[in-house]
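Peer 1: Build the 3D model from these lines:
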Amino acid sequence: MRYKLTIAYDGTDFHGWQKQHPPDADVPLRTVQQVVEDVIKHVVREDVTLLGASRTDSGVHARGQIGAFSCWTMIPTERMLMAINSRLPGDVRITNVDPIDESFNPISDCTSKGYRYNIKHGCMDNITAPLFDRNYVYWTRYVLDVAAMLTAAQLIIGKHDFTSFTRLHHGRDSTVRTVLACEVVATDAHHCHIDVSGTGFLYNMVRIIAGTLLEVGKGKIDAHTIPKILEARDRTAAGPTLPPEGLCLMWVRYDNGPDPSVQDGA
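Peer 2: Numbering: from 1, shown residues only. Have a look, this model is predicted:
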């Protein structure tokens, strides 16, 4: 039987999703894939391989990561869900387990993904800088022009060559990607988030999009120059790569239905 997992995690203390065992280290690094896979092996008493839809980086969070594994167990899915979660550490949780077709591949079958980047702005001093949410939001002293950021975000939508929005030596054969939606939403006077969805992303692409929109919000990049930045195909033309803590993988989709929604309290 093959199982599809929906996985949420706080990425603060993880070295990203993908298993890593540096040659000079005695033990593997702590990654989400390694931790969850080890627990599944213990629960089903079989050697399994857990695949994930998105290789999130160190410090990046997820509410809707998708994983899949196959095993011979006859444990009901409800009991499996409880058994796995009871053995997982507090910073990762399985929110759903579903039996699925044996051919399901969470990477190649994915039709789109949605990310959110959270920003707090107008933090004029260290007192107003984030404290309890410091691992989940990027902050800046600038008061951002969210309307200008939204104007720029709309110009990112579409199929483009995103060379300007990925790091050098990205290792991909093609830098052409399709962004399905890009929105900037103000939730109050000092908070906003950037929602980006697409069929696939380059390394650091969402964090560079967020960094570029941040520069627009600061007034350092004109919103209407986004097409020129794309045409430049030059990493130096875009904004900085924002740090990982503000980024969260919200959902992964495998059909042509409406985008999955994730409640803020999930």
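
Peer 1: Can you give me the first-to-last residue distance of stretch 85-99?
Peer 2: The separation between the terminal residues of stretch 85-99, taken as CA to CA, to the nearest Å, is 17 Å.

Peer 1: Provide the secondary structure category for Asp173.
Peer 2: coil (DSSP: H, G, I helix; E, B strand; the rest coil).

Peer 1: swap that for Gln154, please
Peer 2: Following three-state DSSP, we place Gln154 in the helix state.

Peer 1: what's around it, how many residues?
Peer 2: When neighbours are counted by other CB atoms under 10 Å, Gln154 registers 15. C-beta: built from backbone N, CA, C; applies to glycine.

Peer 1: okay, how far is it across stretch 104-117, tip to tip?
Peer 2: Distance between the boundary residues of stretch 104-117 (CA to CA) amounts to 29 Å.

Peer 1: should've said stretch 222-241
Peer 2: Distance between the two ends of stretch 222-241: 18 Å, counting by CA to CA.

Peer 1: Buried residues, it. List them.
Peer 2: 223, 226, 229-230, 235, 237-239, 241 (16 or more other CB atoms under 10 Å).

Peer 1: Phe201: which of those residues is nearest?
Peer 2: The closest of the buried residues of stretch 222-241 to Phe201 turns out to be Thr241 (CB to CB; 13.1 Å).

Peer 1: what residues are up against that closest one?
Peer 2: For Thr241, the set of contacting residues under the criterion of CB atoms under 8 Å, 6 or more residues apart in numbering consists of 167, 204, 207-208, 211.

Peer 1: Could you export the buried residues of stretch 222-241 as JSON lines, including pLDDT and secondary structure?
Peer 2: Conversion of these to JSON lines gives the following (pLDDT from 0 to 100; DSSP: H, G, I helix; E, B strand; the rest coil):
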{"residue": "Ala223", "pLDDT": "98", "secondary structure": "helix"}
{"residue": "Ile226", "pLDDT": "98", "secondary structure": "helix"}
{"residue": "Ile229", "pLDDT": "98", "secondary structure": "helix"}
{"residue": "Leu230", "pLDDT": "98", "secondary structure": "helix"}
{"residue": "Arg235", "pLDDT": "96", "secondary structure": "helix"}
{"residue": "Ala237", "pLDDT": "97", "secondary structure": "helix"}
{"residue": "Ala238", "pLDDT": "98", "secondary structure": "coil"}
{"residue": "Gly239", "pLDDT": "98", "secondary structure": "coil"}
{"residue": "Thr241", "pLDDT": "98", "secondary structure": "coil"}
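
Peer 1: Give me the local confidence score for the spatially most distant residue from the centre of the chain.
Peer 2: Residue farthest from the centre of the chain, counting by CA atoms, centre = their mean, is Met74 at 32.5 Å. Residue-level confidence at Met74 comes out at 93, pLDDT.

Peer 1: can you give me the helices in the stretch 151-266 of the chain?
Peer 2: Remark: helices of the stretch 151-266 of the chain, listed N- to C-terminal, are 205-218, 226-232; assignment by DSSP state H, counting those that start in this stretch.

Peer 1: which element is the closest residue to Met1 other than its chain neighbours on?
Peer 2: Here the nearest residue to Met1 in space, its sequence neighbours aside, is Pro99; by CB to CB, 6 or more residues apart in numbering that works out to 5.8 Å. Using DSSP states H and E, Pro99 maps to strand 92-100.

Peer 1: Could you identify which of the contacts of Thr241 has the most neighbours?
Peer 2: Of all those, Arg207 has the most neighbours under the rule other CB under 10 Å, reaching 25 neighbours.

Peer 1: That residue contacts Ile119, correct?
Peer 2: No - using CB atoms under 8 Å, Arg207 and Ile119 do not qualify as a contacting pair, with a distance of 11.8 Å.
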